[in-house]
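Asker: Show me how the following folds:
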Amino acid sequence: MEKIFYGTNENQFGELLIPEGEGPHPVAIVIHGGFWRKRVTLERMRAAAKDLTASGVATWNIEYRRTGQDGGGWPGTLLDAANASDYIRTLAKSYPLDLNKVVTIGHSAGGHLATWIAARHRIPKDSELFMEDPLSILGTVSLAGVNDLEMMYSVHHYRDHVLTREPDNPTAELIGGSPEEYPNRYKQASPVELLPIGVNQTLVHGALDIHVPIGISDHYHREAERAGDSVKYVNLPNAEHIMLSNTTSSAWQTVKEEVQLLVNK
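Answerer: Numbering: from 1, shown residues only. Predicted coordinates for the structure are as follows:
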């Protein structure tokens with residue numbers, strides 16, 4: 001599959017798929033997870049992107065610099081997600097894409113980036129993450145998304161303490177340290193801190209998830225509603241983490257339906 005580069009780094013590229021028909025087509029920015037670490041690539045979401053495209057939604061499956069790579073972490077990982085999203089304006093000059101119907105969909109850490117992309121217009125101008133005129137997002141679908149970075153940091157910090165093991169905290173790797181060390185970074189990179197974002201949001205989480213606790217989506221949903229945002233929360237009682245992006249699972253069929261509902265708003 002052809003790589004289309006939105007930047008000069010080897011990891012600043014995406015894969016674009018266009019549905020059959022003349023268009024213009026709605027677009028889903030597809031973002032893989034893997035706790036922002038280099039071992040997981042966009043290949044993780046390739047089948048999901050193909051299936052969404054077969055249902056009539058163009059997909060832009062993006063890669064980005066990750067922790068463990070030069071330029072990954074703060075702020076590179078987040079800036080890459082932002083730049084990849086804005087690059088859709090360039091793609092629309094050559095492909096039949098509807099810029100009024102762009103949604104984001106991400107799994108796990110990709111769910112965090114998907115929601116953050118929809119929220120980044122709320123970032124203060126003095127932030128390293130601030131960009132002028134971000135692409136307008138119609139809606140976002142977060143699949144077991146890490147939408148509260150401080151809470152995810154605390155979960156891993158607690159596990160390390162209880163298990164008396166060497167620190168293994170992917171959120172700290174992304175941000176550069178703890179919430180106490182970098183409070184402003186957490187505020188600017190965590191979707192829950194940027195509420196209200198004024199974008200239609202759908203949260204999908206499996207009750208059997210042992211990687212990203214469902215409590216993170218519970219908390220985010222309450223905070224988003226309290227802030228006045230439009231948020232739909234889909235709690236799947238029989239789903240675990242990986243099922244949400246596995247196109248052979250019943251959970252994925254639910255996810256695909258939610259994407260269709262958003263692009264047809």
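Asker: What ranges does the stretch 1-150 of the chain have for its strands?
Answerer: Under the criterion DSSP state E, counting those that start in this stretch, the stretch 1-150 of the chain contains strands at 4-5, 13-17, 25-31, 58-62, 97-107, 139-143.
Asker: Tell me how far the spatially most central residue of the chain lies from L203.
Answerer: Nearest to the mean C-alpha position of the chain, by C-alpha atoms, centre = their mean, lies A114 at 2.5 Å. Per C-beta to C-beta, to the nearest Å, A114 is found 11 Å from L203. No exception for glycine: its C-beta is placed from N, CA and C like everyone else's.
Asker: By mean pLDDT, point me to the weakest helix or strand of this structure.
Answerer: Within the chain, judged by mean pLDDT, DSSP states H and E, the helix or strand with the poorest mean is helix 149-162; its value is a mean of 88.
Asker: which other residues reach that helix?
Answerer: Here helix 149-162 makes contact (C-beta atoms under 8 Å, 6 or more residues apart in numbering) with 112, 146, 166-172, 174-175, 178-179, 186, 189-190, 192, 212-213, 215-216, 219.
Asker: Among the residues you listed, which ones are in helices?
Answerer: Restricting those to those inside helices, with DSSP state H as the criterion, leaves 112, 170-172, 174-175, 186, 189, 215-216, 219.
Asker: wait, what's in contact with the closest residue to G73 other than its chain neighbours?
Answerer: On the basis of C-beta to C-beta, 6 or more residues apart in numbering, the spatially nearest residue to G73 that is not a chain neighbour turns out to be T67, at 4.7 Å. Applying C-beta under 8 Å, 6+ apart, we find T67 in contact with 36-38, 73, 77, 170, 173-174.
Asker: same thing with S230?
Answerer: Remark: with contacts taken as C-beta under 8 Å, 6+ apart, S230 is in contact with 199-201.
Asker: I'd say G14 and I62 touch.
Answerer: Yes: the pair G14 and I62 qualifies as a contact (C-beta atoms under 8 Å) at a distance of 4.2 Å.
Asker: which of the two has more neighbours?
Answerer: In terms of neighbours (other C-beta atoms under 10 Å), I62 is the more surrounded of G14 and I62; the figures are 32 against 25.
Asker: Would you enumerate the residues in contact with the nearest residue to D209 once chain neighbours are set aside?
Answerer: For D209, ignoring the flanking residues on the chain, the nearest one in space by C-beta to C-beta, 6+ apart is H241 at 4.6 Å. Residues counted as contacts of H241 (C-beta under 8 Å, 6+ apart) are 108, 144, 206, 208-212.
Asker: who wins for neighbours among these?
Answerer: Busiest of those [other C-beta under 10 Å] is A144, holding 32 neighbours.
Asker: ok, G7 to A251 distance?
Answerer: Following C-beta to C-beta, the distance that separates G7 from A251 is 33 Å.
Asker: So those two - more neighbours on which side?
Answerer: Between G7 and A251, counted using other C-beta under 10 Å, A251 has the larger neighbour count: 22 against 16.
Asker: from the chain's centre, how far out does the helix or strand where the more buried one lies sit?
Answerer: In the assignment (DSSP states H and E), A251 maps to helix 250-263. For helix 250-263, the separation from the chain centroid amounts to 16 Å (computed by C-alpha atoms, centre = their mean, to the nearest Å).
Asker: Could you list the buried residues of that helix?
Answerer: Neighbour counts over helix 250-263 (16 or more other C-beta atoms under 10 Å) mark 251-252, 255-256, 258-259, 262-263 as buried.
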